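J.: no sequence for this one, just the structure:
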């Protein structure tokens, strides 16, 4: 699986969009970009994934650059409950994920 | 639909004791796996299974055994607990897919070895 690089922490005001970046310059053609989050040491929660097209679901949007070397997770209207560690993971699939240390997002009033 | 269920949620062991962490899923997923998470770190893969009767090692398998006799269950056995195995353990499951798949995690089992 390709290695990912994320900022260790970010702050966001409640109600504003949170944009979490991820670099994955060594991604290969069959690898997907996944985003998970972990709240207070609970089990990681799936957010979204994509291959090369931008994706949107009820939780977030995923923007993948044309060269696929980086991506951005967008939480359109962050709330206090979105405070969590966000993990960007690149994998060819299956059930074997390689977690980094992620980005600690802190949403504040 | 309970998802991925782990038991026990908390356990304290003495060095050298053995125990089994249980994991069950009711989604008929082929893939199951175990991860551990140490303070301030991401999850690391211990063992995984792609179906009943098939298991393989992950990144940190030493000191742990697994078996997969049914699709639903994937227990993790600590043969002789060591303080270095103090951690939070997460079980996960998913369908197999060539188009990307969602992995579901349990709520974790907190293990302390003294």
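T.: Looks like it arrived, so ask away. Since the model is a prediction, treat every value here as computed from it, not as a measurement.
J.: so which helix or strand takes in the residue positioned nearest the centre of chain B?
T.: With the centre of chain B defined as its mean C-alpha position, the nearest residue by Cα atoms, centre = their mean is residue B:34, 2.7 Å away. Residue B:34 belongs to strand B:31-37 when assigned by DSSP states H and E.
J.: and residue B:96, by the same measure?
T.: When the helices and strands are read off by DSSP H and E, none of them contains residue B:96.
J.: if we can go back for a sec, what is the strand holding residue B:34 packed up against?
T.: For strand B:31-37, the packing partners by 3 or more Cβ pairs under 8 Å, 6 or more residues apart in numbering or on different chains; DSSP states H and E come out as strand B:19-25, strand B:43-51, strand B:87-94. From N, CA and C alone the C-beta is placed, and that goes for glycine too.
J.: ok, and the closest non-adjacent residue to the residue of chain B found nearest chain A?
T.: With distances taken as Cβ to the nearest Cβ, chain B approaches chain A most closely at residue B:42, which sits 3.1 Å away. In space, and not counting its chain neighbours, residue B:42 is closest to residue A:99: 3.1 Å by Cβ to Cβ, 6 or more residues apart in numbering or on different chains.
J.: with residue A:40 instead?
T.: With Cβ to Cβ, 6+ apart as the measure, residue A:84 is the residue that lies nearest to residue A:40, at 7.9 Å, once sequence neighbours are left out.
J.: residue A:74 too?
T.: Of all residues not flanking residue A:74 in the chain, residue A:61 sits nearest, at 4.4 Å (Cβ to Cβ, 6+ apart).
J.: who is that neighbour paired with across the strands?
T.: Residue A:61 has the following beta-bridge partners by DSSP bridges: residue A:56, residue A:74.
J.: what about it, neighbour count?
T.: Residue crowding around residue A:61 was assessed by other Cβ atoms under 10 Å in any protein chain shown; the count is 17.
J.: do residue A:5 as well
T.: When neighbours are defined as other Cβ under 10 Å, residue A:5 has 12 of them.
J.: check contacts around the residue nearest to it when sequence neighbours are not counted.
T.: The shortest distance from residue A:5 to any residue other than its chain neighbours is 4.3 Å, reached at residue A:23 (Cβ to Cβ, 6+ apart). By Cβ atoms under 8 Å, 6 or more residues apart in numbering or on different chains, residue A:23 lies in contact with A:4, A:5, A:6, A:69, A:70.
J.: out of the residues you listed, who's the most crowded?
T.: With neighbours taken as other Cβ under 10 Å, the top of the contacts of residue A:23 is residue A:4, carrying 23 neighbours.
J.: what's the distance between that one and residue A:20?
T.: Noted for residue A:4: a distance of 12 Å to residue A:20, by Cβ to Cβ, to the nearest Å.
J.: now the common contact residues for those two.
T.: Listed as contacting both residue A:4 and residue A:20 by Cβ under 8 Å, 6+ apart are residue A:88.
J.: need the residues of chain B near chain A, please.
T.: Taking Cβ under 8 Å from any Cβ of the partner chain as the test, the list of chain B residues beside chain A reads B:4, B:31-33, B:35, B:37, B:40-45, B:48, B:50, B:58-59, B:88, B:90, B:92-94, B:96-98, B:100-108.
J.: pull out the buried residues from these.
T.: The neighbour-count test (16 or more other Cβ atoms under 10 Å in any protein chain shown) marks B:4, B:31-33, B:35, B:37, B:42-45, B:48, B:50, B:58, B:88, B:90, B:92-94, B:100-101, B:103-106, B:108 as buried among the residues of chain B next to chain A.
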